[in-house]
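>>> How does the following fold in three dimensions:
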Amino acid sequence: MASGSSSGGGAVNMDPDVALRLFEEGATLVLRGVPRGTELGIDCKSWQVGPRFRGVKMIPPGLHFLHYSSVNSPSCGGEIGPKTGLFLSLKPREILLANWDPKLEDLDFSASKNEEEVSRIRATLQELDPYLGPYPYEVMRKWVSLTDRLNEEVANNLQPLCGRICAFSDVIPETEFRHTKDRAEQPRNDTACQSMREGLDRLPRMKLREGTELRFSVIPKKTYPPGATPAEITQCCMDLSYALETVLENNHELQPLNLLGELQFAFVCFLLGNVYEGFEHWKRLLALLCRSEEAMRKRKELYLGLIAVLYHQLGEIPPDFFVDIVSQSNFLTSTLQDFFQFASGPGVDSTLRKRAEKFKAHVTKKFRWDFDADLDECAPVVVELPEGVTVD
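Predicted coordinates for the structure are as follows:
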């Protein structure tokens, strides 16, 4: 992600007529009081805020991701804090106003509800123009390619209730020890631990502060239906279609393709927001989609969309990113290997099969990954049997 100093000014290398139209029709973010040195970005580009910065202008209408990190003063080392982000859906010519809260080190958008204040800013927008940085149109194509399946409704449903996506989880103790007696009953920490387990047991159990959690779809731990036979359990562990259909029914029943929007939401949270939970959910969703053979035969449009989404996402990631340091196994290689195997199987739509073959060739050339290595078909499949069921 490119970075640079932002202190306002006009759009660079842009036709004056186009710039004027964008200025008149684009949305404007007026951000007052953001400290100098703050790392602030919108979509796929960020800047280090300069002394003249008052916001961003000429923003194309639609969904955007605003992200920022506070910075300590030089006397405190100038360290950059954890990143905070939020999705914004902007309308043509909209003015969104926020003030920097130095205590919370966060943007407060409550001023946007003051219609009189917003009207005053709109009337003096020309005077404010030199202090507004132009939207980075050079990365707009990339942003659109990463979010073309993500809409305002999906983003709002997935974003935390608090309205902020934070790189570091906001956690609190599961139990509040308000009284001395309660604290006295907890394990003492003034003696040496005999084991790692003992040390972990002494730590207070923590939970996410209510309202700060990302509201991702819940992927079922059991991938088979209630009352399934051992044979059915084995089949559902090899083909995750039942689990996928459960996720779609519970979260995206009316619009199944919104699952691709959720995949993009998770990826953006990780790529631009530094949210590791986003990466983990992206991996889980991807594994679910790529290992659902029956669904691949039934849901052609979902999988054609998945190929397009992955094509752009993989363009943003170094090829060795997914390699586990310990096992040297590549999560994405093994996941896509299953996908390509199922996509070439019987009953798969010919258009989807051809698209998958082209995508396989593209990924093979770009990353030099070998998807034609022999699959270990003889490896045992470990299944979880329902309670009370035994196999002789």
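>>> contacting residues around the nearest residue to residue 168 once chain neighbours are set aside?
Excluding the flanking residues, the one nearest residue 168 by Cβ to Cβ, 6 or more residues apart in numbering is residue 82, at 4.4 Å. (Each C-beta comes from the backbone N, C-alpha and C, glycine too.) Shown in contact with residue 82 (Cβ atoms under 8 Å, 6 or more residues apart in numbering): 69, 166-168, 274.
>>> Compare those residues and tell me which is most surrounded.
residue 69 (21 neighbours; other Cβ atoms under 10 Å).
>>> Look up phi and psi at that one.
phi -140, psi 130 (degrees, to the nearest 10).
>>> Now it. Nearest residue, chain neighbours left out?
residue 39 (4.3 Å).
>>> which residues sit in contact with the one you found?
3, 46-49, 68-69, 71, 80, 83.
>>> burial count for residue 221?
7.
>>> How is it classified with respect to secondary structure?
coil (DSSP: H, G, I helix; E, B strand; the rest coil).
>>> again with residue 163
From three-state DSSP, the assignment for residue 163 is coil.
>>> need the strands for the protein, in chain order.
For the chain, the strands defined by DSSP state E occupy 5-6, 27-32, 39-42, 45-49, 55-59, 62-69, 84-90, 95-101, 106-108, 132-134, 165-166, 171-173, 206-208.
>>> Domain boundaries for the protein, per the record?
5-147, 230-367 (automatic domain parsing).
>>> would you list those domains in TSV and tack on mean pLDDT?
TSV is the format used below for those (pLDDT from 0 to 100):
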stretch	mean pLDDT
domain 5-147	88
domain 230-367	93
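>>> Kindly present those domains as a markdown table, with separate columns for distance to residue 213.
Formatted as a markdown table, the domains of the chain follow (distance: least, Cβ to Cβ, whole Å):
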| stretch | distance to residue 213 |
| --- | --- |
| domain 5-147 | 15 |
| domain 230-367 | 9 |
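>>> how much space is there between residue 350 and residue 54?
As judged by Cβ to Cβ, to the nearest Å, residue 350 and residue 54 stand 55 Å apart.
>>> what about those two, which has more around it?
The residue with more neighbours, out of residue 350 and residue 54, is residue 54; 21 against 8, by other Cβ under 10 Å.
>>> Setting aside sequence neighbours, what's the nearest residue to the more buried one?
Nearest to residue 54 is residue 131, by Cβ to Cβ, 6+ apart, at 3.8 Å.
>>> is it true that that neighbour touches residue 50?
No. Between residue 131 and residue 50 there is no contact under Cβ atoms under 8 Å: 9.7 Å.
>>> circling back to that earlier point, can you report how many residues neighbour the residue nearest to residue 54?
17.
>>> and what of residue 236?
For residue 236, using other Cβ under 10 Å, the count is 19.
>>> Also residue 373?
10.
>>> how near is it to residue 361?
16 Å.
>>> Check the spacing between the closest residue to residue 161 other than its chain neighbours and residue 250 real quick.
Nearest residue to residue 161, sequence neighbours excluded (Cβ to Cβ, 6+ apart): residue 211, at 4.2 Å. Distance from residue 211 to residue 250, counting by Cβ to Cβ: 21 Å.
>>> in stretch 360-378, what's buried?
Under the neighbour-count criterion of 16 or more other Cβ atoms under 10 Å, stretch 360-378 has 360, 363, 367, 369, 371 buried.
>>> among the residues you listed, which two are most distant?
360 and 367 (11.1 Å; Cβ to Cβ).
>>> Take the buried residues of stretch 360-378 and keep only those in helices.
Using DSSP state H, the subset of the buried residues of stretch 360-378 located in helices is 360, 363, 367.
>>> could you dump those to CSV with distance to residue 101?
Output for these, formatted as CSV (distance: Cβ to Cβ, whole Å):
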residue, distance to residue 101
360, 50
363, 45
367, 44
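>>> ok so, going back, tabulate the buried residues of stretch 360-378 (TSV), appending distance to residue 145.
Converted to TSV, these look like this (distance: Cβ to Cβ, whole Å):
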residue	distance to residue 145
360	20
363	16
367	18
369	22
371	23
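>>> List just the nearest of these to residue 338.
With Cβ to Cβ as the yardstick, the closest approach to residue 338 among the buried residues of stretch 360-378 comes from residue 371, at 9.7 Å.
>>> correct me, but the closest one touches residue 360?
Yes. Contact criterion Cβ under 8 Å: residue 371 and residue 360 qualify, at 5.9 Å.
>>> tell me the contacts of residue 248?
256, 259.
>>> So which residues of the stretch 51-200 of the chain form helices?
115-123, 125-128, 140-147, 152-158, 180-184, 196-202 (DSSP state H, counting those that start in this stretch).
>>> Give me the buried positions along the fourth one.
In other words, helix 152-158. 154-155, 157-158.
>>> for the longest one, same thing?
Of the residues in helix 115-123, those buried by neighbour count under the rule 16+ other Cβ under 10 Å are 118, 121.
>>> How about stretch 137-157?
Here stretch 137-157 shows 137, 139, 142-143, 145-147, 149-151, 154-155, 157 as buried, counting by 16+ other Cβ under 10 Å.
>>> Stretch 288-307 too?
Quick answer for stretch 288-307 (16+ other Cβ under 10 Å): 288-297, 299, 302-307.
>>> ok so, going back, which residues are in contact with each of residue 371 and residue 360?
With Cβ under 8 Å, 6+ apart as the test, residue 371 and residue 360 both reach 336, 340.
>>> picking that back up, which members of the buried residues of stretch 288-307 occur in helices, if any?
288-290, 293-297, 302-307.
>>> List just the nearest of those residues to residue 246.
Nearest member of these to residue 246, counting by Cβ to Cβ, is residue 288, at 9.9 Å.
>>> show me the contacts for the closest one.
219, 240, 243-244, 247.
>>> Can you add distance to residue 333 and give the residues you listed back as JSON lines?
Listed next are the contacts of residue 288 as JSON lines, based on distance: Cβ to Cβ, whole Å:
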{"residue": "219", "distance to residue 333": "21"}
{"residue": "240", "distance to residue 333": "18"}
{"residue": "243", "distance to residue 333": "22"}
{"residue": "244", "distance to residue 333": "21"}
{"residue": "247", "distance to residue 333": "24"}
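>>> now, among those residues, which is nearest to residue 332?
residue 240 (16.7 Å).
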